[in-house]
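[1] sequence and predicted structure below; questions after.
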Amino acid sequence: MKINVIGTSGSGKSTFARQLAQKLAIPYIEMDALFWQTNWQGSTDEQLFEKLEQAIAQPAWVLDGNYRRSQPIKWRDIDLIVWVDYSFGRTLYQAVKRAIMRASSGQELWVGTGNRETFRRSFFSRESIILWTLKTFYKNRKNYQQLMASPTGQRVKFVRIRSHQQAREFVAQIGFAESGIKKPDTKSGSYQQ
């Protein structure tokens with residue numbers, strides 16, 4: 001199975017994707033780890049696409065990340081797209097909480113890059129992840145809604161997760177859905193075949 005988990009920064013897509021990969025016992029791939037180099041330098045498209053091609057050469061994986069320009073590569077043989085779409089308030093809360101935790105711990109975000117969050121970078125700079133979340137939340141939601149209705153969204157299974165409860169249920173049920181992925185019914189919050 002090849003799965004791409006998408007969502008706005010702070011939505012919880014990385015946590016969800018890691019849980020999903022662990023449940024399915026398949027590799028977890030983080031797009032940010034492929035993209036970011038030392039000193040917060042981004043990879044060129046050529047570098048990113050080469051790293052992505054190598055990472056997804058495996059027979060199964062859960063890929064966490066958006067990077068719209070990489071869609072033709074990562075969705076070439078995709079089985080499932082999962083959109084983590086929590087409310088604006090929940091997403092902003094999670095982004096702020098994550099920024100505080102990362103800045104407080106000083107942990108390296110991607111092995112070998114030396115990149116670490118700081119309070120200044122997270123809250124008082126143009127590179128602020130909080131500012132990025134504020135600027136992109138509604139634009140991303142509109143883009144993902146259009147994507148769901150697009151030929152790509154119709155060609156592959158596309159699941160929209162709207163709450164932590166739906167996320168937990170999805171991860172719990174995915175191992176049993178051999179004949180087809182159960183999709184959440186956004187009205188009732190339950191899953192349907």
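    Structure received.
[2] list the helices and strands the helix or strand containing Thr91 packs on?
    Using DSSP states H and E, Thr91 sits within helix 88-105. Secondary-structure packing of helix 88-105 (3 or more Cβ pairs under 8 Å, 6 or more residues apart in numbering; DSSP states H and E): helix 119-123, helix 129-149. (Glycine included, C-beta is placed from N, CA and C.)
[3] could I get those helices as a markdown table with mean pLDDT, mean neighbour count and distance to Val5?
    Listed next are those as a markdown table, based on pLDDT from 0 to 100; neighbours: other Cβ atoms under 10 Å; distance: least, Cβ to Cβ, whole Å:
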| stretch | mean pLDDT | mean neighbour count | distance to Val5 |
| --- | --- | --- | --- |
| helix 119-123 | 92 | 16 | 23 |
| helix 129-149 | 93 | 15 | 12 |
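[4] in CSV: those, plus distance to Ala60.
    Shown next, in CSV, are the helices and strands packed on helix 88-105 (distance: least, Cβ to Cβ, whole Å):
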stretch, distance to Ala60
helix 119-123, 34
helix 129-149, 23
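[5] sorry, back to before: pull out the buried positions in the helix holding Thr91.
    91-92, 94-96, 98-99, 102-103 (16 or more other Cβ atoms under 10 Å).
[6] and of the residues you listed, the nearest to Ser163?
    Relative to Ser163, the closest of the buried residues of helix 88-105 is Thr91; by Cβ to Cβ it sits at 11.9 Å.
[7] OK, contacts around that closest one?
    Neighbouring residues of Thr91 by Cβ atoms under 8 Å, 6 or more residues apart in numbering: 8, 10-12, 133, 137.
[8] so Thr38 touches Trp110, yeah?
    No: the pair Thr38 / Trp110 is not scored as a contact, 9.6 Å apart, by Cβ atoms under 8 Å.
[9] the two: which is more packed in?
    Neighbours per residue (other Cβ atoms under 10 Å) separate Thr38 from Trp110, with Trp110 holding more: 15 against 10.
[10] how close does Asn140 sit to Trp36?
    From Asn140 over to Trp36 the distance is 20 Å, taken as Cβ to Cβ, to the nearest Å.
[11] what pLDDT does Thr186 get?
    As predicted, Thr186 sits at a pLDDT of 41.
[12] should've said Tyr191
    For Tyr191, the pLDDT comes out at 41.
[13] returning to what we had before: out of the buried residues of helix 88-105, the closest to Arg155 would be?
    Set against Arg155, the nearest of the buried residues of helix 88-105 by Cβ to Cβ is Thr91 (27.5 Å).
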